[in-house]
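Trainee: how does the following fold in three dimensions:
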Amino acid sequence: MTSLLQQIKQRRLTLGLKQNDMLLRVGISRQQYQRLESRGNPRLDTLELIAKGLSSELLLIPKDKLSAVLALLEEKPSALDQRPSAPDHEETKKSLSDDPWQDLLGDDQ
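Mentor: Model prediction:
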């Protein structure tokens, strides 16, 4: 698995952004951003800001769910669209903030 800093750089490149673009997106100069990508040890609030600027989210993934999450991320979009939808029982479901993994991997009880 690639490091978080490598993932940040890859996401920026995927979006077609240059390091200079991060100034407008998150208020970090090119020099600061370049230092972060190459050898940084950013604070959590800086990581959250960068994730937002890259239209991404930071998540902690439980180790026992990592392989399933990675498999989902590697699926083609058409395969994700064809997954069966979850039954509609909103009144009994926990909110997403209470359980962010609810029914994501099809093993919700």
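
Trainee: which stretches of this structure have low pLDDT?
Mentor: Within the chain, the stretches with pLDDT under 70 are 1, 77-109.

Trainee: what about the helices in it?
Mentor: With DSSP state H as the criterion, the chain has helices at 4-14, 21-26, 30-39, 44-53, 63-74, 77-81.

Trainee: could I get those as JSON lines with mean neighbour count?
Mentor: C-beta: built from backbone N, CA, C; applies to glycine. Below are the helices of the chain laid out as JSON lines (neighbours: other CB atoms under 10 Å):
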{"stretch": "helix 4-14", "mean neighbour count": "15"}
{"stretch": "helix 21-26", "mean neighbour count": "16"}
{"stretch": "helix 30-39", "mean neighbour count": "15"}
{"stretch": "helix 44-53", "mean neighbour count": "15"}
{"stretch": "helix 63-74", "mean neighbour count": "11"}
{"stretch": "helix 77-81", "mean neighbour count": "8"}
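
Trainee: can you pull the contacts of residue 27?
Mentor: Contact analysis of residue 27 by CB atoms under 8 Å, 6 or more residues apart in numbering lists residue 49.

Trainee: distance of it from residue 2?
Mentor: Relative to residue 2, residue 27 is positioned 26 Å away (CB to CB, to the nearest Å).

Trainee: with residue 24 instead?
Mentor: On the measure of CB to CB, residue 24 and residue 2 end up 26 Å apart.

Trainee: residue 34 reaches residue 20, doesn't it?
Mentor: No: applying CB atoms under 8 Å as the test, residue 34 and residue 20 come out as separate, 9.6 Å apart.

Trainee: apart from its neighbours in sequence, what residue is nearest residue 2?
Mentor: residue 10 (7.2 Å; CB to CB, 6 or more residues apart in numbering).

Trainee: likewise residue 36?
Mentor: With CB to CB, 6+ apart, the residue lying closest to residue 36 is residue 42, at 5.4 Å.

Trainee: surely the one you found and residue 48 touch.
Mentor: No: at 9.6 Å, residue 42 does not count as touching residue 48 under the criterion of CB under 8 Å.

Trainee: how much space separates residue 2 from residue 51?
Mentor: For residue 2, the distance to residue 51 - CB to CB - is 15 Å.
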